[in-house]
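>>> quick one: sequence and predicted model below, then my questions.
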There are 2 protein chains.
Amino acid sequence: MQCPIARALDRVGEWWSILILRDAFYGATRFDEFERNLGIAPNMLARRLKGLVEAGLFERRRYCERPPRYAYHLTPCGHDFRPVVVAMLAWGNRHFTPEGPSVRLVDRATGLDAEPVVVDRISGRPIDSAHFRYEAGPAATEATRRRIAALEAHMTSERGIP
Amino acid sequence: MQCPIARALDRVGEWWSILILRDAFYGATRFDEFERNLGIAPNMLARRLKGLVEAGLFERRRYCERPPRYAYHLTPCGHDFRPVVVAMLAWGNRHFTPEGPSVRLVDRATGLDAEPVVVDRISGRPIDSAHFRYEAGPAATEATRRRIAALEAHMTSERGIP
């Protein structure tokens, strides 16, 4: 699979993995912290952490020799996943909390609720299909090119531009 | 589970679901388009689409009576998931395309590659832990409050603020 989203999901496409990352962004590092926060079975947690280490999102460091205890620190690649989790938090809060939000993301300085939006760093514009389109990159295979061209053509016709 | 991210993952926490949404953002609507683009088995695709309809992300509309054919249109809730996929695309492109990107997101006006970032709509600042913190919302249970307080305390001590 060439698609960067598919590759991203290869690394984190499991429910628990994303919740583990969420807690890491909160500041959790130690095995027992994740275990307690998530209420996850230790063998399942060990498996998911191992996967995230292998995928390059966490670095494992021993912080106690006897008994051996490990902490899991986000790598730069792991840190970079934060915007995905923030976007998910905003979406979840908007659509699936009929009783009101249970977790807020708050500006430390003003105390106001954050309103996370995804924009282009260069133009500052929201990334929507009116202003941005997908295009085949240099490494695209013929199949990827066809797929992108077909979808872009479909979208253009939907929007009434022949 | 109270967490909005957990609730979000309840709806889309399957590999195929997110790829189906990705193609919907490209403009795909018809069953056969998803099938062809994704190379997914029809029974699996039908199951995932059904799940996404039940979760409120797609609306199913018959576009042909005989034989019956259906199109899947994003609801406002489905549309709102786009920033998550865009953030994933950016992350995947940054870290998992050693051969160069195969899919680019390009400014229609300038032709420049987009650099998707998640910022706060109000302050325009990137959402990072230096400027934003998690806080229990009005609907938080005691367990959610404890979890957020513990993680925030941990993070504060990590950053050297007692």
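Right, received. Where do you want to start?
>>> just the strands in chain A please.
Taking DSSP state E as the test, the strands found in chain A are A:58-64, A:69-74, A:103-107, A:116-120, A:132-136.
>>> CSV for those, including mean pLDDT and distance to B:Ser102?
Backbone N, C-alpha and C define where each C-beta goes, glycine included. Formatted as CSV, these follow (pLDDT from 0 to 100; distance: least, CB to CB, whole Å):
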stretch, mean pLDDT, distance to B:Ser102
strand A:58-64, 95, 26
strand A:69-74, 95, 26
strand A:103-107, 89, 33
strand A:116-120, 93, 20
strand A:132-136, 88, 7
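>>> now render those as JSON lines, adding distance to A:Leu151.
Listed next are the strands of chain A as JSON lines, based on distance: least, CB to CB, whole Å:
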{"stretch": "strand A:58-64", "distance to A:Leu151": "35"}
{"stretch": "strand A:69-74", "distance to A:Leu151": "34"}
{"stretch": "strand A:103-107", "distance to A:Leu151": "33"}
{"stretch": "strand A:116-120", "distance to A:Leu151": "20"}
{"stretch": "strand A:132-136", "distance to A:Leu151": "7"}
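>>> Serialize those strands to CSV and add fields for mean neighbour count.
Formatted as CSV, the strands of chain A follow (neighbours: other CB atoms under 10 Å in any protein chain shown):
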stretch, mean neighbour count
strand A:58-64, 13
strand A:69-74, 16
strand A:103-107, 20
strand A:116-120, 21
strand A:132-136, 20
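>>> redo those as TSV? Include distance to chain B.
Output for these, formatted as TSV (distance: least, CB to the nearest CB, whole Å):
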stretch	distance to chain B
strand A:58-64	13
strand A:69-74	11
strand A:103-107	5
strand A:116-120	4
strand A:132-136	5
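>>> wait, which of these is closest to B:His131?
Nearest to B:His131, of all the strands of chain A, is strand A:103-107, at 6.6 Å by CB to CB.
>>> and the direction of the closest one versus that of strand B:116-120, what angle?
Relative orientation of strand A:103-107 versus strand B:116-120 (axes from the mean of the first three to the mean of the last three CA atoms, to 10 degrees): 80 degrees.
>>> got the angle for the longest helix seen in chain A vs strand B:103-107?
Criterion DSSP state H: the longest helix present in chain A is helix A:142-158. Angle, helix A:142-158 to strand B:103-107, by the same axes, to 10 degrees: 30 degrees.
>>> helix A:142-158 to strand A:132-136, inter-axis angle?
Going by the same axes, to 10 degrees, helix A:142-158 makes 150 degrees with strand A:132-136.
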